[in-house]
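> My questions concern the predicted model and sequence given below.
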Amino acid sequence: MRATITVDGELAERIERLSQERSTSFEGLANAALREGLEHLAETAPQAGRGSEKRAGRLSYTHPVSLGGCLLESLDDISGALAAAEGEGFK
């Protein structure tokens, strides 16, 4: 598969230098680096959807609660909502 990626200048220089030291192509070394990097990430990355709670042996769950209806007549009236929350002195 062919793909075009943008590599930071520092990384490109490091790949170029290593490819010359190892007598291999830029592409070959870049592929090897990606392969090793992906293997490392796969070993250390947490499972998708499983945060630190899962790794620590405990699951996290948020229990839903009913907070009742809206106390304001209309949320479209910003001035009215501010007046109700802060009193009439907000103006």
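Here it is on my side, so go on.
> quick one, helices of this structure?
For the chain, applying DSSP state H gives helices covering 9-21, 26-44, 52-55, 78-86.
> buried ones in the longest one?
With burial defined by 16 or more other Cβ atoms under 10 Å, the residues of helix 26-44 counted as buried are 29, 30. Every residue, glycine included, has its C-beta placed from N, CA and C.
> Next, the angle from that helix to helix 9-21.
The directions of helix 26-44 and helix 9-21 differ by 110 degrees, with axes from the mean of the first three to the mean of the last three Cα atoms, to 10 degrees as the criterion.
> Let me have the helices of the chain in JSON lines, extended by distance to residue 2 and mean pLDDT.
Formatted as JSON lines, those follow (distance: least, Cβ to Cβ, whole Å; pLDDT from 0 to 100):
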{"stretch": "helix 9-21", "distance to residue 2": "18", "mean pLDDT": "92"}
{"stretch": "helix 26-44", "distance to residue 2": "10", "mean pLDDT": "90"}
{"stretch": "helix 52-55", "distance to residue 2": "38", "mean pLDDT": "54"}
{"stretch": "helix 78-86", "distance to residue 2": "54", "mean pLDDT": "83"}
